[in-house]
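Visitor: build me a structure from this.
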Amino acid sequence: MRSRGVLQPIMAVIFMVAAGCCAFLPVFASQELSPANTTGKGTSVGPVVASVDPRYRSPRATVRTFLIAMNRIEDDPSKIEDAEACLDLSEIPGENRTGGRLAFELEFILRSTNVPTWVIPDDEVGPDCEIGEGKETKLTLRRMADGRWLFAGKTLSDLPKMQLFLWQKALAASQGKDAGDVPADFRSPYAMFRSFIAAFKKNDLDAAARCLDLAEVPEPARPMVGRQLAFKLKEVLDRTVFIIFQDLPDSSVGLPLEVLVHKEGQITAERQVEGARKGQWLFDKATVRSVDRLFNAFESEPILPELVAAGRPTGGPSFRLEPGLWLRHRLPGWLRHRIELTDQLSIAVYQLLGAIVFLLLVLPVYRLVAGLFARMVHALMRWRGVAAGADEVAAWVRPIGWLAAVWLLIEGVTMLSLRMEHAGACLAFLVPAFWLVLALCAYQSINPILKLVAGPAVTQQGATSIATLGYPVISLVLKILVAVFGLAAVLRLFGFDVGTVLAGLGIGGLAVALAAQDTLKNFFGSLMLIADRTFHVGDLVQIGAKEEGVVETVGPRSTRIRALDDSLMTIPNSDLTTSHITNFGARRYRRFRTQLNIAHGTSPEALISFREGILELIRNRSCVRQGKYEVAVNDLGSSGIQLLIQVFFEVPDGHAELLARDSLILDILRLAERLGIAFETPTLLLERGQGEAVQSHRGNADLRSSVSMD
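Guide: Alright, predicted model coming up:
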């Protein structure tokens, strides 16, 4: 604010002008007066009575007293007695002498006639005073014998007929008009002012800000700047203007209504003639531009006595509603002194110092928040057993540090209560930046959250869980959704219709989809693979009749399979959804089947001992599925006696299966050697001409086996 030595002479002039014009100032709804509730027979003209209550000393005073009481009834129903005191009920029959009902009917007539109180005569002595236009709505005030001016009994008796006339007139005027075009809260100056004051009674600064024409404030900054401007405007009004709502026109059309005119600016209500709020009555752009200057000029002035009497607090703004003005109210005068940089640019000392402090705090806040979240993420990863490098975690938490820094700057702008132009320019950049960084935080948080949910499965070599299979696809889908919603939020800040934008994207998306059919087929193919759980990472699979290998990754477009010869196969997901896939990794048990050719001449007792020994070897193995094995003499062949062995190994993977086979086969060979069981070798006949055959010699090998594996 300007220095007090400069302000005092200016304020003195203002007070002198205000004192001379106070009779022409409107009045707010929160005033409170307490007239005496007495009546007496009236006379048209009489001498001035020295003891007459000043609130009834003239027609104007009585009307103002009546309207003030009616405006207070919503908060204090007992004020109806003050309104009844303005009525001459002596001429009303006893059965109709209901003062409260008559008071509400009279208030409706006064509001409908749009007669401002400052045009009503203020003479203490004179003939009956008639107000209103036309004989149908004439209201008469008469001076009583005790000097008080009251609404005449004849007027009170005619109120029902006046009401009926006004209702019929309003109905005729509304024929052919769409009453739903303009919201009821903004259809007239009367409705707009009531909405503005009602918002403060509910501590709803957003609703109060909707009463201002904020077209000159950048879209992203309007919510925050609008709340501050609405609060400052209310503070100015509470110190300068006392408005009776009924003094305000209740018509949807009319000239701009000037509530306050001052050298620092003006407060004017005007009907919007264009734009999204066409037809609504709002505080106009000139008022919005003047609010900061008017607040600087009047913030040190006292609240109007009428408002103080009505219970308006005088302790300054509350911290909950407006922390910036709460702080400003408690600062010493030298800190609020304004430094004039140019004719159009000035800044208070505390605002300049505060801006420097907030800028210096940006880097420490960024490092502090990023460091705390990095430690938290490291602790969570260790708890879940997920491997995460320092650089990876730093990339995750870095946007959170930026978010804290941007939030600090936004709070700094609102806390310093800068002028509309400066706050709007700063917030027009900072608010979109906040939402963009917030979207980036959500984007970067997807990977660590998925890793925490899946656990070590996504980082450990050889993991085969569904989380490992779906991790790349789910991560991609979530990142796309975050990017879309983040962009929509930023566009909405600048006033774009997000629904229209999304519809446009839908049309464009259709064109892209037609041009990228194969890519989309592969993407949805990956979703089908995850949903069907066809295989897991690490499974041994066979694609069709040829490709065979171990699944390494499942991506949004293709799946990579490591072949048994260590070559890497990349197969489009759309092909996998239509191919025959054999998943060896999904087997619950792995069958081992072989036939031993035992030499002819082996005794049955030896065969039985050999068979029982093999059965005992199988029973003693924990990796064999018990009850599902076979060992029996199967056939008598030309090359020997065939002994069938079939078992099912219950092992997790192919390597464990090979170890189980190795152990069983070696034990069978040791048992055969111990029992003296000989295995028949195959015989090969070579023909050396017609009718001559030579049998090859019997070699040293004594094992012939036919092995079948599933």
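
Visitor: now stretch 651-666: buried residues?
Guide: 651, 653, 657, 660, 661, 664, 665 (16 or more other C-beta atoms under 10 Å). Backbone N, C-alpha and C define where each C-beta goes, glycine included.

Visitor: and stretch 581-593, by the same measure?
Guide: Buried residues in stretch 581-593, counted by 16+ other C-beta under 10 Å: 581, 584, 585, 587, 590, 592.

Visitor: just the ones in strands from the residues you listed, please.
Guide: When DSSP state E is applied, those are split such that 581, 590, 592 fall in strands.

Visitor: the second one and residue 649 touch, don't they?
Guide: Yes - Residue 590 lies in contact with residue 649 (C-beta atoms under 8 Å); the separation is 4.7 Å.

Visitor: list the contacts of the closest residue to residue 115 other than its chain neighbours.
Guide: Nearest residue to residue 115, sequence neighbours excluded (C-beta to C-beta, 6 or more residues apart in numbering): residue 131, at 5.3 Å. Counting by C-beta atoms under 8 Å, 6 or more residues apart in numbering, residue 131 makes contact with 59, 63, 113, 115, 120, 138, 139, 141.

Visitor: and what of residue 150?
Guide: 39, 42, 56, 62, 86, 87, 88, 141, 142, 144.

Visitor: which residue ranges of the stretch 151-300 of the chain form helices?
Guide: 153-157, 159-173, 189-201, 205-209, 222-240, 285-298 (DSSP state H, counting those that start in this stretch).

Visitor: tell me the helices and strands packed up against the second one.
Guide: Put plainly, it is helix 159-173. If contacts are counted by 3 or more C-beta pairs under 8 Å, 6 or more residues apart in numbering; DSSP states H and E, helix 159-173 sits against helix 99-113.

Visitor: do the same with the first one
Guide: In terms of contacts (3+ C-beta pairs under 8 Å, 6+ apart), helix 153-157 is packed against helix 99-113, strand 139-143.

Visitor: how far away is residue 132 from residue 148?
Guide: Residue 132 sits 21 Å away from residue 148, going by C-beta to C-beta, to the nearest Å.

Visitor: same deal with residue 560?
Guide: As judged by C-beta to C-beta, residue 560 and residue 148 stand 98 Å apart.

Visitor: quickly list the domain ranges of the chain.
Guide: In terms of domains, the chain is parsed into 31-173, 184-319, 348-522, 532-585, 587-709 (source: automatic domain parsing).

Visitor: tell me which strands and helices the helix or strand that residue 439 is a member of is in contact with?
Guide: Residue 439 is part of helix 420-454 when elements are defined by DSSP states H and E. Where contact means 3+ C-beta pairs under 8 Å, 6+ apart, helix 420-454 is packed against helix 222-240, helix 285-298, helix 349-384, helix 390-416, helix 466-493.

Visitor: show me which residues of it are buried.
Guide: By neighbour count on 16+ other C-beta under 10 Å, the buried set for helix 420-454 is 420, 422-424, 426-428, 430-448, 450-452, 454.

Visitor: also stretch 244-261?
Guide: For stretch 244-261, a neighbour-count test (16+ other C-beta under 10 Å) marks 244, 245, 246, 247, 248, 249, 250, 252, 257, 259, 260 as buried.

Visitor: can you check stretch 619-631 too?
Guide: Neighbour-count burial for stretch 619-631 flags 621, 623, 624, 625, 629, 631 (criterion: 16+ other C-beta under 10 Å).

Visitor: then stretch 324-343?
Guide: Under the neighbour-count criterion of 16+ other C-beta under 10 Å, stretch 324-343 has 324, 325, 326, 327, 328, 329, 335, 336 buried.

Visitor: return the member of the helices and strands packed on helix 420-454 having the minimum mean pLDDT.
Guide: Ranked by mean pLDDT, those bottom out at helix 466-493, with a mean of 73.

Visitor: rewinding a little: among the helices and strands packed on helix 153-157, which comes closest to residue 281?
Guide: helix 99-113 (15.5 Å; C-beta to C-beta).

Visitor: now the closest one: mean pLDDT?
Guide: Helix 99-113 comes out with an average pLDDT of 84.

Visitor: just checking, what packs against that helix?
Guide: Counting contacts by 3+ C-beta pairs under 8 Å, 6+ apart, helix 99-113 packs against helix 59-72, helix 80-84, strand 139-143, helix 153-157, helix 159-173.

Visitor: and the contacts of that helix?
Guide: Outside helix 99-113, the residues that touch it by C-beta under 8 Å, 6+ apart are 63, 66-67, 70, 80, 83-84, 86-87, 89, 92, 131-133, 137, 139, 151, 155-156, 159-160, 162-163, 166, 170, 190, 245-246, 250.

Visitor: kindly report the same for stretch 288-303.
Guide: Stretch 288-303 is touched from outside by 1-2, 4, 7, 10-11, 212-214, 216-217, 229, 232-233, 235-236, 238-240, 260, 262, 264-267, 308, 312, 314, 329, 338, 419-420, with contacts defined as C-beta under 8 Å, 6+ apart.

Visitor: would CSV of the helices and strands packed on helix 420-454 with mean neighbour count and distance to residue 320 be doable?
Guide: Below are these laid out as CSV (neighbours: other C-beta atoms under 10 Å; distance: least, C-beta to C-beta, whole Å):
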stretch, mean neighbour count, distance to residue 320
helix 222-240, 22, 12
helix 285-298, 21, 19
helix 349-384, 15, 20
helix 390-416, 19, 13
helix 466-493, 17, 25
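
Visitor: TSV for those, including distance to residue 278?
Guide: Shown next, in TSV, are the helices and strands packed on helix 420-454 (distance: least, C-beta to C-beta, whole Å):
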stretch	distance to residue 278
helix 222-240	18
helix 285-298	15
helix 349-384	37
helix 390-416	31
helix 466-493	22
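
Visitor: nearest spatial neighbour of residue 166, skipping sequence neighbours?
Guide: Nearest non-adjacent residue to residue 166, counting by C-beta to C-beta, 6+ apart: residue 112, 4.8 Å away.

Visitor: repeat that for residue 283.
Guide: Excluding the flanking residues, the one nearest residue 283 by C-beta to C-beta, 6+ apart is residue 212, at 4.8 Å.

Visitor: circling back: dump the domains of the chain to JSON lines, plus distance to residue 342.
Guide: Below are the domains of the chain laid out as JSON lines (distance: least, C-beta to C-beta, whole Å):
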{"stretch": "domain 31-173", "distance to residue 342": "40"}
{"stretch": "domain 184-319", "distance to residue 342": "15"}
{"stretch": "domain 348-522", "distance to residue 342": "12"}
{"stretch": "domain 532-585", "distance to residue 342": "57"}
{"stretch": "domain 587-709", "distance to residue 342": "78"}
